[in-house]
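J.: could you look at this predicted model? Sequence included:
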Amino acid sequence: MNTRYKRLAAAVAVVVLAGCAGSAQQQQAAVDLDKMAADMVKASFRSQGIAKVERVTEIDETLKACNAADVAGKPLDPALAKRFEEANLKTVKWPSDGKYLGDWKQGENIAQSGRGMTWTDKAEAVNGGNCYNCHQISKEEISFGTIGPSLYHYGKIRGVTDPSSAAAKPIVEYTWGKIWNAKAYNACSNMPRSGHMGNLTQEQVRHLMALLLDPNSPVNK
């Protein structure tokens with residue numbers, strides 16, 4: 001183990017033990033550990049192609065607070081979580097033309113694709129949604145992740161028989177917001193902020209919306 005990693009391991013031990021010595025010392029140890037980890041990433045990784053080191057070294061206030069809560073093994077303070085959720089909700093870009101649903105067939109292709117944003121990809125390349133990595137979406141899929149809940153019958157369970165109806169509007173808007181920026185509804189959600197971070201385009205989000213809410217989609221059959 002090289003010197004840098006030994007120092008990091010020692011710092012981790014300090015954070016764990018500091019809990020017995022008082023919160024001020026624990027917080028300072030956490031700050032020192034964060035800086036050490038950031039310095040290691042900057043020293044050990046390099047930007048190449050469209051994959052930039054900044055993607056892992058420059059994180060916003062929401063992520064910093066959630067990471068700190070995770071390290072402490074405690075949930076984020078409810079008042080703070082609410083403030084972050086409200087701030088993230090303001091970043092959601094709603095459909096410019098009011099059209100929420102696209103083509104569910106294209107949506108299924110996007111959900112199944114995990115390709116994109118690696119150093120070998122071109123900047124103009126279309127990304128996948130990688131949804132199956134965390135969710136079950138259709139009953140035909142036999143391999144899927146379980147980090148997120150099953151989305152099979154997503155629209156059907158919620159009574160969405162006509163996505164364009166006034167009755168369906170709350171679910172339609174929530175679903176769009178959740179895909180665009182999941183932290184608008186759960187500050188420390190593990191779900192990618194697909195629209196907010198530019199992983200998916202507005203048109204791609206429309207297609208995923210159709211996959212989840214169109215009664216003709218295999219999700220709702």
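T.: That came through, no problem.

J.: which SSE is residue 142 in?
T.: Using DSSP states H and E, residue 142 sits within no helix or strand.

J.: next, the buried residues of the longest helix seen in the chain.
T.: Taking DSSP state H as the criterion, the chain has its longest helix at helix 23-44. Buried residues in helix 23-44, counted by 16 or more other C-beta atoms under 10 Å: 26, 29-30, 33-34, 36. Glycine gets a C-beta too; all of them are placed from N, C-alpha and C.

J.: give the contact list for the residue sitting nearest the centre point of the chain.
T.: Closest residue to the average C-alpha location of the chain: residue 192 at 1.7 Å, with C-alpha atoms, centre = their mean. Neighbouring residues of residue 192 by C-beta atoms under 8 Å, 6 or more residues apart in numbering: 130, 182, 199.

J.: what about residue 196, neighbour count?
T.: Neighbour count of residue 196, defined by other C-beta atoms under 10 Å: 19.

J.: just checking, it touches residue 178?
T.: No - counting by C-beta atoms under 8 Å, residue 196 stays clear of residue 178, with 11.2 Å between them.

J.: what segments of the protein are helices?
T.: 3-18, 23-44, 54-57, 61-72, 78-89, 104-112, 154-157, 169-180, 202-213.

J.: which one of the ones you listed has the most crowded surroundings?
T.: helix 202-213 (a mean of 23; mean count of other C-beta atoms under 10 Å).

J.: helices and strands of this protein: which one bottoms out on pLDDT?
T.: Every helix and strand of the chain was ranked by mean pLDDT, DSSP states H and E. The lowest is helix 3-18, at a mean of 48.
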